[in-house]
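Asker: quick one: sequence and predicted model below, then my questions.
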Amino acid sequence: MRLPTFQSFFRSKIDLPLVDEEQLISEAVTLDVEAEHHRTLLSLRRRLADTFTPTRPLPGPRVELFSNDNRAAFIGREVECLRITRALLEDQSHVVIFGERGRGKTSLANLVAAQVQEASFDVARYVCSTTSNFDAVMRGLFHDMPRWLTGLSRTGYDTGLASLLPSRPLQPSDLPLIFERLSSKVILLVDEFDRVADEDTRTAVADTIKQFSDLGMPVLFMIIGVSDSPEALLGRHPSIQRCVTRVALPLLKPAHVRKIVERGAAQSGLNFSASARTCIAELARGVPYMAQLLSLRAGQAALDNGRTTILGSDLLAAIEAAAIEADPRVLALYDLATNTECDAAALSVLRAAAAGSQDELGRFQVVSNGRFAQVAGLQVDGTAWQRVLNVGAIRHVRGEGPDLFTFTEAMLMQLVLLRTVLLSQAVVHPVSVNSAPALLTRP
Ligand SMILES: Nc1ncnc2c1ncn2[C@@H]1O[C@H](COP(=O)(O)OP(=O)(O)OP(=O)(O)O)[C@@H](O)[C@H]1O
Ligand SMILES: [Mg+2]
């Protein structure tokens with residue numbers, strides 16, 4: 001408290017106070033308290049933003065699997081993590097991790113990378129873009145291998161990494177010769193592989209996997225991408241079936257999503273009640289990205305209002321923010337499918353699909369007899385179902401029988417749920433002429 005200094009300042013400098021001294025003291029106290037409050041809020045904001053990180057994957061070293069420690073940010077995925085580390089460390093199998101956007105593929109890969117590094121594997125990473133070809137992927141991986149440079153002298157070949165690579169574009173047949181000169185066991189982590197547009201690049205990666213396996217080289221690929229099948233990522237190569245472990249990333253269970261919020265609340269010093277956690281879990285529907293986004297925005301809304309306890313109004317502010325922040329492609333698809341929320345029957349179809357019963361990969365059954373359709377266990381108008389299907393908001397899941405469907409864009413499911421809450425709020429609390437319709441405006 002700066003109060004004594006403030007008092008003595010006035011006593012020493014001014015004989016007669018120009019204003020009521022009592023009032024000055026009380027103002028000083030108020031200012032002090034306000035400043036302290038402001039500092040606390042600022043530090044809580046920073047902690048909150050460090051805790052809930054929807055814009056970035058969890059980094060490996062921060063993750064503490066199987067731990068009850070509150071700092072552990074990574075929730076669930078024990079089964080997948082064990083499968084992948086066993087495949088890499090024990091079976092010497094390459095791994096493909098696939099699943100919808102925002103499910104935690106990169107975070108899981110980071111966790112695995114941290115674990116295999118402890119088992120003295122080196123890890124090199126490359127994140128693909130639409131223009132990545134085989135040469136770019138492999139050179140990108142080489143450039144992420146600084147430790148290997150020092151390992152090269154073992155073979156008497158220490159003139160540098162660049163000298164190992166031919167100046168012409170790399171081909172699968174070049175790689176065994178290059179890798180056999182390197183001294184350590186290596187994981188080649190290739191993320192966002194779905195973005196590679198060139199079919200030949202996928203085939204070249206599959207050929208390289210086959211070569212490494214046949215030669216028993218300690219070089220293993222961990223390929224990650226948005227897809228609902230490994231074949232869609234790597235292509236159909238019967239020759240690599242046996243040497244690749246396929247790991248689908250399911251939705252998180254609601255209890256895990258609630259735990260993400262609970263641990264984050266403890267870590268950030270905010271109070272998310274049980275009903276706030278349940279509300280976030282209902283809306284996230286197993287997608288950790290959405291759980292993190294809603295928690296962050298709800299926390300920020302509470303702190304904006306000088307509170308550390310999350311209220312219903314904070315959740316609504318978070319829902320509104322998340323709906324506005326949705327990917328423009330998802331927003332456009334939603335507007336197209338619902339005729340900008342004017343097609344009530346199409347909205348019902350989307351809501352049935354988003355809120356009805358789904359399997360752990362977010363897929364649902366649809367049985368249609370023309371007039372009516374059973375979507376995810378809920379009856380909707382059959383022609384509206386066709387309209388939603390025709391605009392491409394929902395698609396059939398390839399190779400899984402005639403009845404299995406999923407949202408074309410993973411986050412469309414969440415947008416439907418978020419907009420449903422916002423629209424129901426508009427009905428419960430219609431906009432008064434004087435109040436700002438903050439919750440009700442569309443972006
Ligand atoms: N198991 C988990 N526990 C808690 N949070 C998680 C978990 N997995 C992922 N997240 C969070 O979810 C968000 C998305 O994770 P991540 O980027 O790893 O997903 P992704 O599947 O790689 O997404 P994309 O398909 O967009 O690349 C991040 O904010 C991350 O912190
Ligand atoms: Mg990712």
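Answerer: Arrived safely. Residues are numbered from 1 along each chain as shown. Ligands and ions are numbered 1, 2, ... in the order given.

Asker: going forward, measure contacts between C-alpha atoms and count neighbours the same way
Answerer: Fine.

Asker: and the longest helix anywhere in the chain with ligand 1, contact?
Answerer: For the chain, the helix with the greatest residue count under DSSP state H is helix 21-51. No: figure legend: helix 21-51 not in contact with ligand 1 (Cα under 6 Å from any ligand atom); closest approach 8.8 Å.

Asker: pull out the buried residues from the helix or strand just after that helix.
Answerer: Sequence order places helix 78-89 as the next helix or strand after helix 21-51, per DSSP states H and E. In terms of neighbour count (16 or more other Cα atoms under 10 Å), helix 78-89 has its buried residues at 80-81, 84-85, 87-88.

Asker: Ala281 contacts Pro254, correct?
Answerer: Yes: applying Cα atoms under 8 Å as the test, Ala281 and Pro254 come out as touching, 5.6 Å apart.

Asker: the more surrounded of the two?
Answerer: Neighbours were counted for Ala281 and for Pro254 using other Cα atoms under 10 Å; Ala281 has more, 26 against 19.

Asker: CA atoms only for the helix or strand hosting the more buried one, dumped as CSV, please.
Answerer: Element membership of Ala281 [criterion: DSSP H and E] is helix 274-284. The C-alpha trace of helix 274-284 is given here as CSV (Å, rounded to 0.1, in the frame of the first residue of the first chain):
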residue,chain,number,x,y,z
ALA,A,274,-20.0,-27.8,-13.2
SER,A,275,-22.8,-26.5,-15.4
ALA,A,276,-20.4,-24.2,-17.4
ARG,A,277,-18.1,-27.2,-18.0
THR,A,278,-21.1,-29.3,-19.1
CYS,A,279,-22.3,-26.6,-21.4
ILE,A,280,-18.9,-26.3,-23.1
ALA,A,281,-18.7,-30.1,-23.4
GLU,A,282,-22.1,-30.2,-25.1
LEU,A,283,-21.1,-27.6,-27.6
ALA,A,284,-17.6,-28.9,-28.3
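
Asker: which of the residues in it are buried?
Answerer: Here helix 274-284 shows 276-284 as buried, counting by 16+ other Cα under 10 Å.

Asker: distance to Ala322 for those residues - can I get that in TSV?
Answerer: Shown next, in TSV, are the buried residues of helix 274-284 (distance: Cα to Cα, whole Å):
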residue	distance to Ala322
Ala276	16
Arg277	16
Thr278	17
Cys279	14
Ile280	12
Ala281	14
Glu282	14
Leu283	11
Ala284	11
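
Asker: list just the nearest of the residues you listed to ligand 1.
Answerer: Nearest to ligand 1, judged by Cα to the nearest ligand atom, of the buried residues of helix 274-284 is Ala284 at 10.7 Å.

Asker: was I right about the closest one contacting Ala291?
Answerer: Yes: with contacts counted by Cα under 8 Å, Ala284 reaches Ala291, the gap being 5.3 Å.

Asker: tell me, what's touching those two both at once?
Answerer: Val257 (Cα atoms under 8 Å, 6 or more residues apart in numbering).

Asker: need the contact list for the closest residue to ligand 1 within the stretch 251-400 of the chain.
Answerer: Proximity to ligand 1, evaluated over the stretch 251-400 of the chain using Cα to the nearest ligand atom, is greatest for Tyr289 at 3.6 Å. By Cα under 8 Å, 6+ apart, the contact list for Tyr289 reads 54, 102-104.

Asker: sorry, back to before: which one of the buried residues of helix 78-89 is nearest His38?
Answerer: Distance to His38, by Cα to Cα, is smallest for Cys81 among those, at 41.7 Å.

Asker: the nearest residue to that closest one once chain neighbours are set aside: neighbour count?
Answerer: Excluding the flanking residues, the one nearest Cys81 by Cα to Cα, 6 or more residues apart in numbering is Val112, at 6.6 Å. Per other Cα under 10 Å, the neighbour tally for Val112 reads 22.

Asker: please give me every residue in contact with Gln358.
Answerer: 364-365, 376.

Asker: buried ones among those residues?
Answerer: Buried residues within these, counting neighbours by 16+ other Cα under 10 Å: 364-365, 376.

Asker: in strands only, show me those residues.
Answerer: Those of the buried ones among the contacts of Gln358 mapping onto strands are 364-365, per DSSP state E.

Asker: now whatever helix or strand Lys259 lives in against helix 274-284, angle please.
Answerer: Per DSSP H and E, Lys259 falls inside helix 254-268. On the basis of axes from the mean of the first three to the mean of the last three Cα atoms, to 10 degrees, helix 254-268 is oriented at 120 degrees to helix 274-284.

Asker: helix 254-268 packs against which elements?
Answerer: Contacts defined by 3 or more Cα pairs under 8 Å, 6 or more residues apart in numbering; DSSP states H and E place helix 254-268 against helix 21-51, helix 274-284, helix 288-304.

Asker: right, and those helices - which one's nearest Arg387?
Answerer: Going by Cα to Cα, the one of these nearest Arg387 is helix 274-284, 24.8 Å.

Asker: rounded mean pLDDT for the closest one, please.
Answerer: Averaging pLDDT along helix 274-284 yields 95.

Asker: can you name the two of the buried residues of helix 274-284 that sit furthest apart?
Answerer: Ala276 and Ala284 (12.2 Å).

Asker: what about the helices in the stretch 101-250 of the chain?
Answerer: Using DSSP state H, counting those that start in this stretch, the helices of the stretch 101-250 of the chain run over 105-118, 134-143, 146-151, 175-179, 199-215, 230-234.

Asker: and the fourth one, what does it pack onto?
Answerer: Pointing back at helix 175-179 there. Against helix 175-179 (3+ Cα pairs under 8 Å, 6+ apart) you get helix 199-215.
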